[in-house]
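Asks: sequence and predicted structure below; questions after.
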Amino acid sequence: MNSTLLYLYNKVMLHKYSDGSILRVISSRELVAIPIWKGQRILDKEHAMQIKKSIGDNISSLDSGFSIIKYNEETTDGRIIESSYLIDGQHRASVIRDYYDSTVCEPDFPVTVIEKTVKTESDAIGYFNKINNVKAQQWKIDPNLLINNYIAALETAFVSKKCPLIRNGSTTRPYISTDSLRQAFSNNIHLLKNNPLDIQVFIERVKRFNLSNLRPVLILNCRFLMLRGIIIFLLTSKI
């Protein structure tokens, strides 16, 4: 596709949906450069192979069905930047990525993407569930989806508009990084439960731990949240 025309497409909103998301056109190479959202399902290589076989040599037929989220993240030096992640269409994107890895000097092609700006990780999880119609039994199958449930519950319990103590990206105290939370839960995935009642029990343990073990520290009129190293304790304790 002509690079000048594609640049102009990127500057134009093709359509705005009722939920505030926007339809845009980007190039296929731009698409595969966008990282996969960390709460996405684990890539099913067999499914990706089925897509590859179904399209044959017609790679440009994979020109739609992609959704991107954008939100602010904190960098290691404290700057706030806008980051983009592919939240839907990772299997089609993986086929395109493999195509470019195995060919030389192949031209890119235009793809349509739906772009949604969200404020928090729980907003991203809610949007992911909406566009993927996530069913309850899927929490038992995919670890990332189960972790999403815990992070959404933590943000519901502790994050307010005035005080977003759980933040995306790298952060420093007293803030908690969603990446750190994901890693802590992933390291103890065998302890996670898919029952909403069990997740709520965990949230209540976090609240009690904070009240009994952390000195009240006022940050923007909010109390200090929790320590990264207590995940396993809170998942197994009876407090």
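Replies: Structure's in. What do you need? Note that the coordinates shown come from a computational prediction; the quantities given were computed from them, not determined experimentally.
Asks: name the residues of the longest helix along the chain that are buried.
Replies: In the chain, with assignment by DSSP state H, the single longest helix is helix 196-213. Buried residues in helix 196-213, defined by neighbour count with 16 or more other CB atoms under 10 Å: 199, 202, 203, 205, 206, 209, 210. (C-beta placed from N, C-alpha, C; glycine too.)
Asks: ok, the third one - contacts?
Replies: If I follow you right, that is residue 203. Going by CB atoms under 8 Å, 6 or more residues apart in numbering, residue 203 touches 153, 154, 157.
Asks: if you count neighbours, what's buried in stretch 182-198?
Replies: Quick answer for stretch 182-198 (16+ other CB under 10 Å): 182, 184, 185, 192, 193.
Asks: look up phi and psi at the fourth one.
Replies: Taking degrees, to the nearest 10, you get phi -80, psi 150 for the backbone angles of residue 192.
Asks: contacting residues for it?
Replies: Residue 192 neighbours (CB under 8 Å, 6+ apart): 143, 146, 147, 150, 185, 235.
Asks: how close does the second one sit to residue 185?
Replies: Here the criterion is CB to CB, to the nearest Å. By it, residue 146 lies 8 Å from residue 185.
Asks: that older thread, what would the contacts of residue 192 look like in a markdown table with pLDDT and secondary structure?
Replies: Converted to a markdown table, these look like this (pLDDT from 0 to 100; DSSP: H, G, I helix; E, B strand; the rest coil):
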| residue | pLDDT | secondary structure |
| --- | --- | --- |
| 143 | 88 | helix |
| 146 | 89 | helix |
| 147 | 91 | helix |
| 150 | 91 | helix |
| 185 | 87 | helix |
| 235 | 63 | helix |
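Asks: closest one of those residues to residue 55?
Replies: Ranked by distance to residue 55 (CB to CB), those are led by residue 143 at 29.4 Å.
Asks: so what's that closest one closest to, chain neighbours aside?
Replies: residue 189 (5.0 Å; CB to CB, 6 or more residues apart in numbering).
Asks: kindly state the domain boundaries assigned to this protein.
Replies: 1-117, 136-239 (automatic domain parsing).
Asks: how about those domains in JSON lines, adding distance to residue 128?
Replies: Output for the domains of the chain, formatted as JSON lines (distance: least, CB to CB, whole Å):
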{"stretch": "domain 1-117", "distance to residue 128": "5"}
{"stretch": "domain 136-239", "distance to residue 128": "7"}
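Asks: nearest to residue 125, of these?
Replies: Of those, nearest to residue 125 by CB to CB is domain 136-239, at 4.6 Å.
Asks: between the buried residues of stretch 182-198, which is nearest residue 83?
Replies: residue 182 (14.9 Å).
Asks: next one: that closest one from residue 75, what distance?
Replies: 18 Å.
Asks: which residue packs closest to residue 47, ignoring adjacent ones?
Replies: residue 91 (5.3 Å).
Asks: returning to what we had before: what's the least confident stretch among the domains of the chain?
Replies: Lowest mean pLDDT within those: domain 136-239, at a mean of 72.
Asks: what helix or strand is the residue nearest to residue 47 on?
Replies: helix 90-102 (DSSP states H and E).
Asks: which of the residues in the helix or strand that that helix is followed by are buried?
Replies: Next in sequence after helix 90-102, counting helices and strands by DSSP H and E, comes strand 110-117. The neighbour-count check on strand 110-117 (16+ other CB under 10 Å) flags 110, 111, 113, 114, 115, 116 as buried.
Asks: hang on, the first one packs against residue 26?
Replies: Yep, that's residue 110 we're talking about. Yes: applying CB atoms under 8 Å, one finds residue 110 in contact with residue 26, separated by 7.4 Å.
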